[in-house]
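Asker: Following is a predicted model, sequence given first.
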Amino acid sequence: MIVYTDPYFNLKQIALSGQCFRMTETGSGVFEIIAKERWLRAKQCRDTVVFFCGRQEFESCWKQYFDLETDYGAIIRKIDSSDAYLCRAAQRGKGIRILRQDLFEMIITFLISQQNNIPRIRRCIENICRRYGRLCRTPEGREYSGFPKPEALAGASEQELLECNLGYRGKYVLDTAARIADGRFSLEELQKMDKAKAQEKLTELYGVGKKVAACAALFGLHHLEAFPVDTHIRQAVEKHYPGGFPEKYKEFQGVLQQYIFYEELFPENTGDLG
DNA sequence: ATCCAGGAGTGAC
DNA sequence: GTCACTCCTGGA
């Protein structure tokens, strides 16, 4: 087990930030996270997080997953001190980090997220994981399902995906998984691509528009300048930045988007430190 | 009941 | 390029 202390790392805030749908709080401050086919339990108390895993797994997997090498304090210090709204949002959501999640998982996840609510997004994802993901076991022997590989999802039928509760999004997921599985669409190329170009390329996928592409780039490619605009963000930006979101934040505006999102959806005391 | 939720595709103009 | 309409579903 690994003990890690950082004032800019809060599991509860990350869980509420809407970037990870397979992270659940199973007890007070205790979280279980599934990423690809890996499972982790971690417990937070104030600024300290205990990872229930070995040094090797922490170093090779979770340290990177939680982006622990990036200095989020440095990002927050770049916020204009005269911008009271952004300062407050960042202060409240300072424990959020941009997780380095799997690109395919992010594309499918945010395809499902469109015109959808969080509890149902979770259910949809669990459904496809149970049906098409590899069955795995926690160190204690409990079963869980990994996120399906492109080939596994590509082998689904539209009817089956309907049964997984995906609704009209099923055909998007099916076509996208098929194109990635058979190589018509290369995720490897996307990794090497210029950042602006990568988002444009993502929208070539059936069912992927600007918003989903931005989410996939931010959470799956760690392109911090990707700025997903949903209804909440659009309203907040219109209200606080009538001239548009400041250009000076461009290279890390995806992080700021997370702070704004958290501030708008969880104002005041909800979702505070665990 | 109607509306809308963390959108995108399609066709009409 | 910009509408208006539609797509499943469930919760308010």
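Answerer: Arrived safely.

Asker: Helices of the stretch 1-150 of chain A, start to end?
Answerer: Here the stretch 1-150 of chain A has its helices, by DSSP state H, counting those that start in this stretch, at A:11-16, A:55-57, A:63-65, A:72-77, A:84-92, A:103-113, A:118-132, A:150-154.

Asker: A:Q199 against A:A217, yeah?
Answerer: Yes. Here A:Q199 reaches A:A217: they are 5.0 Å apart, a contact under Cβ atoms under 8 Å. Every residue, glycine included, has its C-beta placed from N, CA and C.

Asker: between those two, what contacts are shared?
Answerer: A:H223, A:A226 (Cβ atoms under 8 Å, 6 or more residues apart in numbering).

Asker: What separation do you get for A:A216 and A:A226?
Answerer: For A:A216, the distance to A:A226 (Cβ to Cβ, to the nearest Å) stands at 8 Å.

Asker: Have a look at the two and say which one is more surrounded.
Answerer: Ranked by neighbour count (other Cβ atoms under 10 Å), A:A216 and A:A226 place A:A216 first, with 31 against 24.

Asker: ok, that one - contacts?
Answerer: A:L103, A:M106, A:I107, A:F110, A:L202, A:V208.

Asker: ok, and which of the residues you listed reach DNA strand B?
Answerer: A:F110, A:V208 (Cβ under 7 Å from any atom of the strand).

Asker: Which of the contacts of A:A216 are buried, as a PyMOL select command?
Answerer: In PyMOL, selecting the buried portion of the contacts of A:A216, with burial taken from 16 or more other Cβ atoms under 10 Å, looks like this:
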select buried, chain A and resi 103+106+107+110+202+208
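
Asker: Residue of the stretch 101-250 of chain A closest to DNA strand C, please.
Answerer: Using Cβ to the nearest atom of the strand, the closest approach of the stretch 101-250 of chain A to DNA strand C is made by A:G167 at 2.8 Å.

Asker: burial of that residue, as a residue count?
Answerer: 14.

Asker: Kindly report the residues of the stretch 101-250 of chain A close to DNA strand B.
Answerer: So the stretch 101-250 of chain A meets DNA strand B at A:110, A:113-118, A:168, A:203, A:206-213, A:215, A:230-232 (Cβ under 7 Å from any atom of the strand).

Asker: Which members of the residues you listed come out as buried by neighbour count?
Answerer: Of those, these count as buried by 16+ other Cβ under 10 Å: A:F110, A:S113, A:Q114, A:N116, A:G207, A:V208, A:K211, A:V212, A:A213, A:C215, A:D230.

Asker: Close to DNA strand C as well: tell me which of those qualify.
Answerer: Applying Cβ under 7 Å from any atom of the strand to these, one finds that A:N116 fall near DNA strand C.
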